[in-house]
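**Student:** Okay, predicted coordinates and the sequence, questions at the end:
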Amino acid sequence: MRKKNKQDLKREGVREQLWPGSGQEIWDPTDSEKTVGFATVSRLLPLVNHLIRLLCKKKNISGDPTAAYLDLWCRDWGQGIITVTDENDFAYSSGYASTRAVRTWREHIAHLVAFKFVRVKKDGNKEVGQVLLLNPLAVCAQHQAADCVPEEWWSAFVRRAKEIGAALPNAHGESNE
């Protein structure tokens, strides 16, 4: 957990003016004693998910694997590896509840592998036993270098990265700072 900085305190002041006492109703990432059950994800994840949907459209892939991708991020403990204990649980948590839930989940994981956002390893009889989450910023840079990214998406991505102070790696994963 990180410590509160000047901007945190400023935003807290505004929040308390607008919603007095609301500090008890929100998630405070700086409160390590009370805060459990939360994952750290990139503030660029909405744009990363947008790119995944664009890549699906470009490849004429039906379905949207971004719910499965978000679920994986929410299961990461910070080491980038997720053990798939029960594919049914993963599928349901990703929003797939039909009789084809696990099949759809597996297909969406395969798309994430094809787009190089994750890697997978088999585990016993499970096709997807271990998942490695790759740095989504580096993956996006690789897609941009391969000319697979619309210019307007890349522009929005770069601008948002600058706003939040994220260092965008180049196509080789090296930071451009």
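**Tutor:** In hand now; what should we look at?
**Student:** for the closest residue to residue 58 other than its chain neighbours, phi and psi?
**Tutor:** Closest residue in space to residue 58, ignoring its immediate chain neighbours: residue 148 at 7.1 Å, by CB to CB, 6 or more residues apart in numbering. Just so you know, the C-beta spots here come from the backbone N, C-alpha and C atoms, and that holds for glycine as well. The phi/psi pair for residue 148 (degrees, to the nearest 10) reads phi -110, psi 10.
**Student:** One more: residue 121?
**Tutor:** Recorded main-chain torsions at residue 121 are phi -130, psi 140, according to degrees, to the nearest 10.
**Student:** I'd like the distance between it and residue 28.
**Tutor:** To residue 28, residue 121 is 36 Å away according to CB to CB, to the nearest Å.
**Student:** Could I get the contacting residues of the closest residue to residue 52 other than its chain neighbours?
**Tutor:** Sequence neighbours aside, residue 66 is the residue nearest to residue 52 in space, at 5.3 Å (criterion: CB to CB, 6+ apart). Residues near residue 66 by CB atoms under 8 Å, 6 or more residues apart in numbering: 49, 52, 53.
**Student:** Drop anything exposed from those.
**Tutor:** The neighbour count (16 or more other CB atoms under 10 Å) marks 49, 52 as buried among the contacts of residue 66.
**Student:** now the strands for the protein?
**Tutor:** Secondary structure of the chain (DSSP state E): strands at 81-83, 118-123, 126-133.
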